[in-house]
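[1] any chance you can model this:
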Amino acid sequence: MPAASLFAEPGSREEVESGTRFSPRFNAEGLIGCIACEAKTGDVLMFAWMNEEALRKTIETGQAHYWSRARKELWRKGATSGMVQNVVEMRIDCDQDTILMKVRIDGPVAACHMGYRSCFYRSVPAGQAAGPDMVLRFEDTDPVFDPDEVYRR
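    Got it, this is the predicted structure:
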């Protein structure tokens, strides 16, 4: 039997949407989505998943922790790259199933493992037929760091 949750169980719709009790709604895999944006500019840096342990550690330490679905492990953002995400503010959406964090990164601001400032460095063309021939456009062409150096690939 799974251990009891650290967080309050979601109550009625009114309690979840209008109340003051923090009761994050994890999905069937035990995860909740998290958007990290730069506190100073509001720029979206990344989206990642948190499990209960990652959310707890983020709240307790003030540093962003996430759950890697690919590696099946907890990770502290910046543990390898040095670009630690320090939480300035954490919010939860109206139905408590998505976290928004405003973060400060000491040093060069980069959140993407590809070396870019943001994980959202390419745009998808809108206003044309969708299909397999669509071409992404690079909006950010200057990586902040070399991922091969930082991650020793």
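
[2] same for the helix ranked longest in the chain, what does it pack against?
    What stands out as the longest helix in the chain, according to DSSP state H, is helix 52-61. Helix 52-61 is packed against strand 65-68, strand 73-76, strand 85-92, with contacts defined by 3 or more C-beta pairs under 8 Å, 6 or more residues apart in numbering; DSSP states H and E. Every C-beta, even on glycine, is put in place using the N, C-alpha and C of the backbone.

[3] against residue 29, how distant is the closest residue to residue 51 other than its chain neighbours?
    Counting by C-beta to C-beta, 6 or more residues apart in numbering, residue 67 is the residue found nearest to residue 51 once chain neighbours are left out, at 4.2 Å. According to C-beta to C-beta, to the nearest Å, residue 67 stands 9 Å off from residue 29.

[4] distance to residue 98, mean neighbour count and mean pLDDT added to the helices and strands packed on helix 52-61, as JSON lines?
    As requested, the helices and strands packed on helix 52-61 are exported to JSON lines (distance: least, C-beta to C-beta, whole Å; neighbours: other C-beta atoms under 10 Å; pLDDT from 0 to 100):
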{"stretch": "strand 65-68", "distance to residue 98": "14", "mean neighbour count": "20", "mean pLDDT": "97"}
{"stretch": "strand 73-76", "distance to residue 98": "19", "mean neighbour count": "14", "mean pLDDT": "96"}
{"stretch": "strand 85-92", "distance to residue 98": "7", "mean neighbour count": "16", "mean pLDDT": "98"}
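
[5] out of those strands, the one nearest residue 9 is which?
    The closest of those to residue 9 is strand 85-92. By C-beta to C-beta, the value is 14.9 Å.
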